[in-house]
Structures are given as structure tokens and as C-alpha cells.
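Trainee: Turn this into a model:
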Amino acid sequence: MTFTAILTAFEQAATAGDTQRFAALFAADGRYDDGFFGAHHGRAEIAAMLERFRVGGERFAWQFIEPVCDGPIGYARYCFSYVSKEPESAGQLVVFEGIARFRLEAGLIADYHEVFDRGLAFVQLGYAGERVVKLLKRYADERRASPEVQQHLVWREQAGRTLG
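Mentor: Below is the predicted model of the structure:
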């Protein structure tokens, strides 16, 4: 399957809530790192994560824009929207943009990771300021403790790339 075909199938399965078709796009041991729900491993966890989307929202639309792929790695900007079912914002349209990275193996998604402005989403969801700060602090702490950031900090020190 081409990268564009994977994106189209991803969009269609996700917005339709077709958890099995969505999970089948991933390798058996694939990983989906969701910006709200965290990392999920394997098709069963990925399908369950997609089912959780329906708890807080409905009428999903996911549009991938400007896809690029070099074979094993693909990137695409996206625009994602849905109608909230959260108590603070029920019936409100929530829209945000992000960037998705796909690591592909044998025509399947081995790893999916996304980056988007969570704060923008939380404000649209009507979350109180204190709740937004608490959530963003948690995400910031998790990111800082991640292996990628820890590797960067080692690289930074070894390369002499310090401020000052």
C-alpha cells in the first residue's frame, strides 16, 4: 500500500470509528502515540484507543495535508476536528492542526507519533485554566523524561551546545 493509500485508509477508518479496520493498518506489534491518550501498543490496544475517541466526541473529520514519504518514514500535516461531548463544551466544534510521523514496515504502520498544540484543544474544550495548566505540565514532564529528549540533552552537552 502506498503512503497516500495508508493515509486515506487511516482517515476513513478513524472518522468512521471502524476500530478493526483502523488497527489492521498497524503492524501486529505497532505503536500509536496519541497526543491525548498516550502510547498504545499492538492492534487490540490501538483499537481500544480509537473507541475512546467516541467517549468525548462525535462527527470526526481527519484530513492529511502535504504528505511526504521516503520509504520507511512518512510525514503529513493534518487538520482534525470533531464535535465535543465533554460537559464543558458539548456540541462545540473542536479544531486543531498537527503533524504526524509514520514509520512504515512491509506496508503497515509500525509506529505513529503526532505533535499538536494541546493547549489550543483544551481551551476549545472549555477546560478551566487550572486544569489546562495541570494537563500541560504533565505532558511537559513526560516529554522531558522521554528517551528522545534525554538523548538530545546528552548530545547537547557532548557537542558543547550550551547556552551562555
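
Trainee: rest of the way, CA atoms for contacts and neighbours
Mentor: Noted.

Trainee: Which positions in the helix ranked longest in the chain come out as buried?
Mentor: Secondary structure of the chain read by DSSP state H shows that its longest helix is helix 129-145. Within helix 129-145, the residues that count as buried by 16 or more other Cα atoms under 10 Å are V132, L135, L136, Y139.

Trainee: Please apply the same query to stretch 48-62.
Mentor: Judged by neighbour count (16+ other Cα under 10 Å), stretch 48-62 contains these buried residues: M49, L50, F53, R54, G57, E58, F60, A61, W62.

Trainee: before we move on, back to that, quick one: average pLDDT of the following helix or strand past the longest helix of the chain?
Mentor: Along the chain past helix 129-145, the next helix or strand (assigned with DSSP states H and E) turns out to be helix 147-158. The average of the pLDDT scores along helix 147-158 is 90.

Trainee: chain center to helix 147-158: distance?
Mentor: Relative to the chain's own centre, helix 147-158 is displaced by 23 Å; criterion: Cα atoms, centre = their mean, to the nearest Å.

Trainee: now for it, which elements pack on it?
Mentor: Contact here means 3 or more Cα pairs under 8 Å, 6 or more residues apart in numbering; DSSP states H and E; on that basis helix 147-158 packs against no helix or strand.

Trainee: can you give me the strands in the protein?
Mentor: Taking DSSP state E as the criterion, the chain carries its strands at 26-34, 38-41, 57-69, 73-84, 93-105, 108-116.
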